[in-house]
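> Any chance you could fold what I've pasted below:
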Amino acid sequence: MTEAVQGADRVADLFAGCGTFALPLSRAAAVHAIEGARDMLEALDDSWRKAEGLKKVTTEPRDLFRNPLLPDELNRFDALVLDPPRAGAEAQVAEVAKSKIAQIGFVSCNPVTFARDASVLIAAGFRLDWVQVVDQFRWSSHIELAARFSRPHM
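Modelled structure (predicted):
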């Protein structure tokens, strides 16, 4: 995901979990990690504080399904990383579409909800720059998708 948001100084990592993307992203940018599970954020904060050479990582417990970040909140960031569960990020993507965000790194474990969410982004002026299938579960039909979306600054 670092390639997808390259050049950004302030990145929001939505559905951040315990920092799979937030920690590597913080090598180059300040990261605000948002996740519904407080224990995951505690693990992320602990890891960040023990690591060296990282920019600031802040955390926020928040249910992004019921309480997505609104455009004025999103506009504080240069880029987003979205890594929602199988249900996708329908409510959050609707708010992203109304924001001024220009770069998104999107990870999905469900091609169906990814297609739904991607169509909203594309209708809002985003371009799908690339998408890559990641077959990380060897003897399973489960796949992951990684993608980059961008749009001219609004």
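> Strands of this structure, start to end?
10-14, 30-35, 57-61, 79-82, 103-108, 127-134, 144-150 (DSSP state E).
> what's in contact with the longest one?
Contacts of strand 127-134 from elsewhere in the structure, counted by C-beta atoms under 8 Å, 6 or more residues apart in numbering, are Ala118, Leu121, Ile122, Ile143, Glu144, Leu145, Ala146, Ala147, Arg148, Phe149, Ser150, Arg151. The way it works is simple: take the backbone N, C-alpha and C, and place the C-beta from them, glycine included.
> Please list only the buried members of those.
Ala118, Leu121, Glu144, Leu145, Ala146, Ala147, Arg148, Phe149, Ser150, Arg151 (16 or more other C-beta atoms under 10 Å).
> so where's this protein uncertain?
The chain contains residues with pLDDT under 70 at 136-137, 140, 154.
> Distance from the chain centre to stretch 117-127, please.
Stretch 117-127 has its C-alpha centroid displaced from the chain centroid by 15 Å (C-alpha atoms, centre = their mean, to the nearest Å).
> Flag every buried residue along that stretch.
Result for stretch 117-127 [16+ other C-beta under 10 Å]: buried residues Asp117, Ala118, Val120, Leu121, Ala124, Phe126.
> Format these as CSV; extra columns: distance to Asp46.
CSV is the format used below for the buried residues of stretch 117-127 (distance: C-beta to C-beta, whole Å):
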residue, distance to Asp46
Asp117, 31
Ala118, 34
Val120, 35
Leu121, 33
Ala124, 36
Phe126, 34
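> thinking again about what came up before, for the contacts of strand 127-134, work out which two are farthest apart.
Ile143 and Arg151 (26.1 Å; C-beta to C-beta).
> In helices, which of the buried residues of stretch 117-127 fall?
Asp117, Ala118, Val120, Leu121 (DSSP state H).
> and the gap between the first one and Met40?
Here Asp117 is placed at a distance of 22 Å from Met40 (C-beta to C-beta, to the nearest Å).
> now swap in Asp9 and tell me
25 Å.
> Just want to know which of those two has more residues nearby.
Set Asp9 next to Met40 and count neighbours by other C-beta atoms under 10 Å: Met40 wins out with 18 against 11.
> Using CSV, lay out the ones in helices among the buried residues of stretch 117-127 together with distance to Gly19.
Converted to CSV, those look like this (distance: C-beta to C-beta, whole Å):
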residue, distance to Gly19
Asp117, 22
Ala118, 25
Val120, 27
Leu121, 24
